[in-house]
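S.K.: Based on what follows, work out the 3D shape:
(chains A and B)
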Protein chains: 2
Amino acid sequence: MDEHLQALQQTLTQDIPITHSIGITAENYDNKGLVLKAPLIGNTNPKGTAFAGSINALLTLAGWGLIWLVLKELDVVGDIVIQNSSIDYLRPVIGDFAAICYRPEQADIDRMEQSLKKKGKARIELSAEIYQEDVVVVEFKGRYVIHQSKDAHSSLPLLSYIQQAIF
Amino acid sequence: MDEHLQALQQTLTQDIPITHSIGITAENYDNKGLVLKAPLIGNTNPKGTAFAGSINALLTLAGWGLIWLVLKELDVVGDIVIQNSSIDYLRPVIGDFAAICYRPEQADIDRMEQSLKKKGKARIELSAEIYQEDVVVVEFKGRYVIHQSKDAHSSLPLLSYIQQAIF
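M.R.: Numbers count the residues shown, from 1 in each chain, chains lettered A, B, ... in the order given. This is a model prediction of the structure:
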């Protein structure tokens, strides 16, 4: 597994305890985007298909994780916050499920980097999907905000409070 | 605790296993709406505030649960599916959190009941919020579809497949 992807997996498991219960695993990361997976078992609704809350959590984290990986590549330490999202549940999810968050165009990443350098803050919109046997079954759009921090574990209480990630 | 609210709590815990991990409890149900609660512990993100995925799950279930309770009142057995939702994370959630899903106007409930009787299917849009010390910190809108079923545990495979709840 790629070193950064492995670090993301560790962050998810250690710092977001519910991902452990959901069973989220960081599966793949390449130029296309980030893939996270979750098993159906433990994530069912009364009908035995996947619970929308688990699906939404996987997609929210696919977006968050993609930015986390891009920031690693840019060697930027930042807090990533989801601001809003919308989701369309097109078909029931009847088995283990994978979410892909698509890597934005390079121009959007460059814009994000410039904004972080100039303003210490940037916004980016991401698209993600759940697919099942090559069919898109859930569509997701999320808007994230990144606050650059020179020290990821800032000891300044006010700054730390302002930068608290809601994601 | 109200009998129906207690039955909802049992359904959540037994039929949606992840609600047990999130720690969701059915708190109150009255003319204003349904309140579900979750603790911060177990639902944190790397910053120690509430993880967006847990927040979204609570709101999704507040909407689902409200319809579940209204159907009980109408003595209708139906499958409730979330079709789409949108969410705005306005502020970090820094403690235990409660979601309220507002009961629709009676005219909307009447329309839903009529549609179920005539077409065996109905749609309804619901609004829900997370509040914290009387401040709204998350806003949610969800569109749900209800399929009436004469037998909640229908043995017709095709019908059962069509009615599979994605929620």
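
S.K.: what's the helix or strand encompassing A:C101 packed up against?
M.R.: Using DSSP states H and E, A:C101 maps to strand A:97-102. Counting contacts by 3 or more C-beta pairs under 8 Å, 6 or more residues apart in numbering or on different chains; DSSP states H and E, strand A:97-102 is packed against strand A:33-38, helix A:52-74, strand A:121-132, strand A:135-148. For every residue, glycine as well, the C-beta is placed using N, CA and C.

S.K.: Nearest to chain B, out of those?
M.R.: Nearest to chain B among these is helix A:52-74 (2.8 Å), distances taken as C-beta to the nearest C-beta.

S.K.: between the closest one and strand B:135-148, how big is the angle?
M.R.: Between helix A:52-74 and strand B:135-148, the angle comes out at 130 degrees (axes from the mean of the first three to the mean of the last three C-alpha atoms, to 10 degrees).

S.K.: If you count neighbours, what's buried in whichever helix or strand comes after helix A:52-74?
M.R.: Going down the chain from helix A:52-74, the next helix or strand is strand A:78-89, by DSSP H and E. Neighbour counts over strand A:78-89 (16 or more other C-beta atoms under 10 Å in any protein chain shown) mark A:78-85, A:87-89 as buried.

S.K.: Look at the spatially closest residue to A:P17 that is not a sequence neighbour and report its pLDDT.
M.R.: Using C-beta to C-beta, 6 or more residues apart in numbering or on different chains and skipping the chain neighbours, the partner closest in space to A:P17 is B:G42 (5.5 Å). Among the per-residue scores, B:G42 holds a pLDDT of 96.

S.K.: Which other helices and strands does the helix or strand hosting A:L116 contact?
M.R.: Element membership of A:L116 [criterion: DSSP H and E] is helix A:106-119. If you count contacts as 3+ C-beta pairs under 8 Å, 6+ apart, helix A:106-119 packs onto helix A:52-74, strand A:121-132, strand A:135-148.

S.K.: what about it, distance to the chain center?
M.R.: Chain-centre distance of helix A:106-119: 19 Å, with C-alpha atoms, centre = their mean, to the nearest Å.

S.K.: residues making contact with that helix?
M.R.: Residues outside helix A:106-119 that contact it (C-beta atoms under 8 Å, 6 or more residues apart in numbering or on different chains) are A:70, A:74, A:76, A:78, A:103-104, A:121-124, A:146, A:148.

S.K.: could I get the helices and strands packed on strand A:97-102 as TSV with mean pLDDT?
M.R.: Formatted as TSV, the helices and strands packed on strand A:97-102 follow (pLDDT from 0 to 100):
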stretch	mean pLDDT
strand A:33-38	98
helix A:52-74	97
strand A:121-132	96
strand A:135-148	96
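
S.K.: Rebuild these as a markdown table, extending it with distance to chain B and mean neighbour count.
M.R.: Shown next, in a markdown table, are these (distance: least, C-beta to the nearest C-beta, whole Å; neighbours: other C-beta atoms under 10 Å in any protein chain shown):
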| stretch | distance to chain B | mean neighbour count |
| --- | --- | --- |
| strand A:33-38 | 10 | 24 |
| helix A:52-74 | 3 | 25 |
| strand A:121-132 | 10 | 19 |
| strand A:135-148 | 8 | 19 |
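
S.K.: And the contacts of helix A:106-119, which is closest to B:A52?
M.R.: Closest approach to B:A52 among these (C-beta to C-beta): A:I146, at 14.9 Å.

S.K.: Having no further points to raise, I will conclude here.
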